[in-house]
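Peer 1: using only what follows, build the 3D model:
(one chain, ligands or ions: 1)
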Amino acid sequence: MGSIYVITGGTDGIGGALARAYLKRGHEVVVIGRDQAKAPEGAHFVRADLSLVGETRAAIAELRSRYPKIDALVLCARHLQSERRVTAEGFEHNFALYYLSRFLLSYELADLLHAADDPVILNVAGPGPNPERVRWDDLGLESGYDGIAAMFQGGLLNDLLGEGFALNRPSEKIRYVLVNPGTVNTSFSGSYDEGVARQIEAIRASATPVDVAIQPLMALLDAPPASPLSVFIQGTPHTPAPDPGAARRLDTLTRKLLGMPVLRGVSAMNLRELLDSPVFGVIGTVQPGGEPHQSVVWVKRDGDDVLFMIAEGSRKERNLRRDPRINVLVTPADAPHTYASIQGTATMSREGTHALREELTMKYIGTSYAEHIRRTPEADHSHATVTTVRVTPERITGRL
Ligand SMILES: NC(=O)c1ccc[n+]([C@@H]2O[C@H](COP(=O)([O-])OP(=O)(O)OC[C@H]3O[C@@H](n4cnc5c(N)ncnc54)[C@H](OP(=O)(O)O)[C@@H]3O)[C@@H](O)[C@H]2O)c1
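Peer 2: Okay, here's the model as predicted:
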């Protein structure tokens with residue numbers, strides 16, 4: 001299978017030029033955008049208004065259902081607005097489009113990127129990390145909004161997204177490249193007032209033609225730098241002063257806004273692989289007096305949720321009905337000094353429990369449940385009423 005390029009903002013400007021260039025080379029190009037009529041001929045189109053988290057997530061789901069891998073994710077969508085606008089989901093438009101969509105696409109497509117040989121994320125924004133200029137107390141720029149300042153802050157947030165991605169390393173294979181392309185003669189998608197329109201026209205007059213500006217970007221896509229994170233300004237490597245504190249602060253804040261678990265020291269990809277293997281889970285629940293209670297269970301994952309079964313009336317089941325807080329600890333048998341500790345909330349359901357028991361017996365024992373209890377009668381819990389527990393992670397820490 002040839003290389004697959006997924007490009008946001010691929011209907012115009014730099015993204016559009018990159019899409020055409022890779023189509024010309026015979027690659028598969030997927031453009032995510034609002035207007036199919038503007039997509040380059042030959043590109044696959046995924047419709048999404050990326051200022052909406054719901055539509056961004058739907059686009060991610062569509063990509064996941066269509067493609068087994070992604071070789072390059074190119075992030076170019078932006079829309080300059082002179083007037084502050086809030087999306088139907090309650091986020092300031094620029095913050096949602098320019099930053100939140102890039103965060104979601106970067107992390108939630110990481111496993112498809114991981115499946116490629118030499119995966120890269122090219123985040124085309126405005127690098128030059130300067131996190132002290134982030135308006136931490138007003139990320140939605142409620143006071144003193146200015147369209148250009150909003151775009152500038154979006155650039156800073158994307159710098160920290162790149163740094164956070166390299167710290168979180170959802171996959172060791174993916175290289176994150178932050179690029180400031182310099183001033184380029186593009187469509188400058190936006191809704192701006194006359195003053196800004198005049199400024200943009202003046203900028204355009206001396207800006208680099210888009211087909212020239214994409215050359216250094218193509219060089220980066222064709223041979224991504226070895227480092228997990230690299231920064232380029234107009235084709236020249238740049239070494240920003242790292243600020244892991246600011247990157248983590250933004251990461252935690254963003255995950256809370258998007259309802260995603262916080263990860264520290266654990267690669268999401270490694271954790272998925274571990275949970276897909278027959279690893280035992282040590283679950284910790286809270287006793288009525290507040291003491292910890294632990295036991296060992298078979299586990300599987302559904303997306304990033306962890307599933308296991310328990311007998312109704314058992315100590316852990318009663319604990320979870322009273323207090324759904326739970327911890328699941330997993331350690332690879334061949335690397336016991338590494339681990340992931342998954343903290344979350346449990347929900348319980350009797351639905352699908354028998355199918356889950358079959359699936360887990362096959363995963364851990366390699367036979368059907370009926371065969372397993374025929375061979376090992378003491379493991380027969382077929383008369384107990386069992387419940388499926390689903391753990392939705394909130395915080396994952398460890399070394400994995
Ligand atoms: N051009 C420059 O001088 C310059 C300088 C520094 C950094 N950059 C960065 O380079 C990147 C690309 O810039 P550009 O100048 O090539 O962009 P552009 O010509 O303004 O094009 C922006 C793209 O984003 C898409 N878009 C806008 N709103 C969207 C939405 N709600 N959902 C989905 N897609 C949406 C547009 O689609 P539609 O076709 O639907 O409008 C268009 O394809 C940007 O991140 C920009 O910040 C550019």
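
Peer 1: going forward, measure contacts and count neighbours with C-alpha atoms only.
Peer 2: Fine.

Peer 1: list, one by one, the residues from the protein near the ligand.
Peer 2: 9-15, 33-35, 48-51, 76-79, 124-126, 180-189 (C-alpha under 6 Å from any ligand atom).

Peer 1: and the residues you listed, which are buried?
Peer 2: Neighbour-count burial (16 or more other C-alpha atoms under 10 Å) applied to these gives 9-15, 33-34, 48-51, 76-79, 124-126, 180-181, 184-186, 188.

Peer 1: next step: those restricted to strands.
Peer 2: 33, 124, 180, 184, 185 (DSSP state E).

Peer 1: for those residues, which one is nearest residue 359?
Peer 2: Nearest to residue 359 out of these is residue 33 (C-alpha to C-alpha; 39.4 Å).

Peer 1: got the buried residues for stretch 309-323?
Peer 2: By 16+ other C-alpha under 10 Å, the buried positions in stretch 309-323 come out as 309, 310, 311, 315, 316, 317, 318, 319, 320.

Peer 1: which residues sit against the top strand by length along the chain?
Peer 2: If you go by DSSP E, the chain has its longest strand at strand 386-399. For strand 386-399, contacts defined as C-alpha atoms under 8 Å, 6 or more residues apart in numbering pick out 260-266, 304-312, 326, 338-353, 356.

Peer 1: likewise for stretch 101-120?
Peer 2: 50-53, 56-57, 60, 64, 67-73, 75, 121, 123, 158, 161, 165, 170-171, 173-177, 221, 224, 269.

Peer 1: can you flag the buried ones in the residues you listed?
Peer 2: Neighbour-count burial (16+ other C-alpha under 10 Å) is assigned, among the contacts of stretch 101-120, to 50-53, 56-57, 60, 64, 69-73, 75, 121, 123, 158, 161, 165, 170-171, 173-177, 221, 224, 269.

Peer 1: where do the helices sit along this protein?
Peer 2: With DSSP state H as the criterion, the chain has helices at 13-24, 53-66, 93-94, 101-108, 110-114, 147-168, 194-206, 210-222, 244-258, 268-276, 315-322, 353-364, 369-375.

Peer 1: any idea how far the shortest one is from the middle of the chain?
Peer 2: Yep, that's helix 93-94 we're talking about. For helix 93-94, the distance from its own C-alpha centre to the chain's C-alpha centre is 19 Å (C-alpha atoms, centre = their mean, to the nearest Å).

Peer 1: show me how this structure divides into domains.
Peer 2: With domains defined by automatic domain parsing, the chain comprises 4-260, 271-399.

Peer 1: residues contacting the residue of the stretch 301-400 of the chain found nearest the ligand?
Peer 2: For the stretch 301-400 of the chain, the residue closest to the ligand is residue 303, as judged by C-alpha to the nearest ligand atom, at 25.7 Å. With contact set as C-alpha under 8 Å, 6+ apart, residue 303 has no partners.

Peer 1: how does it look with 10 Å?
Peer 2: By C-alpha atoms under 10 Å, 6 or more residues apart in numbering, residue 303 lies in contact with 272, 392.

Peer 1: same question for the one 10 residues further on.
Peer 2: Shown in contact with residue 313 (C-alpha under 10 Å, 6+ apart): 319, 384, 385, 386.

Peer 1: give me the distance between it and residue 346.
Peer 2: For residue 313, the distance to residue 346 (C-alpha to C-alpha, to the nearest Å) stands at 16 Å.

Peer 1: pLDDT value on the residue nearest the centre of the chain, please?
Peer 2: Nearest residue to the geometric centre of the chain (C-alpha atoms, centre = their mean): residue 107, 1.5 Å. Looking at residue 107, its pLDDT reads 96.

Peer 1: ditto for the one 4 residues further on
Peer 2: According to the predicted model, the pLDDT of residue 111 comes to 92.

Peer 1: what about it, neighbour count?
Peer 2: 20 (other C-alpha atoms under 10 Å).

Peer 1: what do you get for residue 285?
Peer 2: 24.

Peer 1: one step back: so which of the helices of the chain has the densest surroundings on average?
Peer 2: Burial of those is given as mean neighbour count (mean count of other C-alpha atoms under 10 Å); helix 93-94 ranks first at a mean of 25.

Peer 1: which elements pack onto that helix?
Peer 2: strand 80-81, helix 147-168 (3 or more C-alpha pairs under 10 Å, 6 or more residues apart in numbering; DSSP states H and E).

Peer 1: could you dump these to a markdown table with distance to residue 98?
Peer 2: Formatted as a markdown table, these follow (distance: least, C-alpha to C-alpha, whole Å):
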| stretch | distance to residue 98 |
| --- | --- |
| strand 80-81 | 10 |
| helix 147-168 | 6 |
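
Peer 1: thinking again about what came up before, and of the helices of the chain, who's closest to residue 295?
Peer 2: helix 315-322 (8.0 Å).

Peer 1: return the distance of the closest one from the chain's centre.
Peer 2: That offset, for helix 315-322, works out to 33 Å (C-alpha atoms, centre = their mean).
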